[in-house]
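Undergrad: got a sequence here, can you model it:
(chains A and B)
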Amino acid sequence: DTGVSQDPRHKITKRGQNVTFRCDPISEHNRLYWYRQTLGQGPEFLTYFQNEAQLEKSRLLSDRFSAERPKGSFSTLEIQRTEQGDSAMYLCASSPPGWGAEAFFGQGTRLTVV
Amino acid sequence: AQSVAQPEDQVNVAEGNPLTVKCTYSVSGNPYLFWYVQYPNRGLQFLLKYITGDNLVKGSYGFEAEFNKSQTSFHLKKPSALVSDSALYFCAVRKSNAGNMLTFGGGTRLMVKP
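TA: Residues are numbered from 1 along each chain as shown, chains lettered A, B, ... in the order given. From the prediction side, this is the model:
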């Protein structure tokens, strides 16, 4: 079991630049989630995929954010024209089918916008 | 809308003593409830969940939690704390059979002193 893998682990970028993060879920999991966590807070839901379909998006996901899961396997989260307020830990999680299934989280990508 | 409250930012307990980390929730309909633990520089790790059935659920590392519908609570407990239990604990709720968004509380830092 390789778990949920996220890359990179850390990213420092200048304000206004675009960044892209990758998430590789557990292989048999068809559900994939992105969350954002700021210091001292609990994770906040951003978006959800079932296979390749993006089924839910939070209002937190502004027009500068886009997520894809083109083949129903790995996913990418892109932030365009980064702002200092985007600095946070971006967490990816996956879960198998079933309403009661728990989500397994990756170690996250820490983004710092300077 | 669904929400989770963790009223204590920090809980201090001596090693060997019982511990309780409090969680109350608000959700329409029946809830699915989860506890996760986060160690420094690590992702969220699943501890336990309540889906249906017995109100007392047992999880990893000797932790358990009791679902109380009338008080809308899901407190995390352990009979005898270990120093290694020191970490950040998050309670989360999801509406059963609807949607996939987990809503997290703000977290409680558990400090177990030798």
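
Undergrad: hey, where'd the strands end up in chain B?
TA: B:3-5, B:10-14, B:19-21, B:24-26, B:31-38, B:44-50, B:56-58, B:64-68, B:73-78, B:87-95, B:103-104, B:108-113 (DSSP state E).

Undergrad: who wins for proximity to A:T109 among those strands?
TA: Closest approach to A:T109 among those (Cβ to Cβ): strand B:44-50, 14.0 Å. Heads up, the C-betas are built off the backbone N, CA and C, glycines and all.

Undergrad: give me the mean pLDDT for that closest one.
TA: For strand B:44-50, mean pLDDT is 95.

Undergrad: what comes up buried for it?
TA: For strand B:44-50, the neighbour count (16 or more other Cβ atoms under 10 Å in any protein chain shown) marks B:44, B:46-50 as buried.

Undergrad: how about B:S96: what's its closest non-neighbour residue?
TA: B:N30 (4.3 Å; Cβ to Cβ, 6 or more residues apart in numbering or on different chains).

Undergrad: quick check: residues of chain A near chain B?
TA: A:4, A:31, A:33, A:35, A:40-45, A:48, A:50, A:55-56, A:58, A:91, A:93, A:99-100, A:102-108 (Cβ under 8 Å from any Cβ of the partner chain).

Undergrad: pLDDT wise, what is B:A1 at?
TA: Looking at B:A1, the pLDDT reads 80.

Undergrad: need the per-residue pLDDT for the spatially most central residue of chain A.
TA: The residue lying closest to the centre of chain A (Cα atoms, centre = their mean) is A:W34, at 3.3 Å. Looking at A:W34, its pLDDT reads 97.

Undergrad: that one belongs to a strand?
TA: Yes: counting by DSSP: H, G, I helix; E, B strand; the rest coil, A:W34 is located in a strand.
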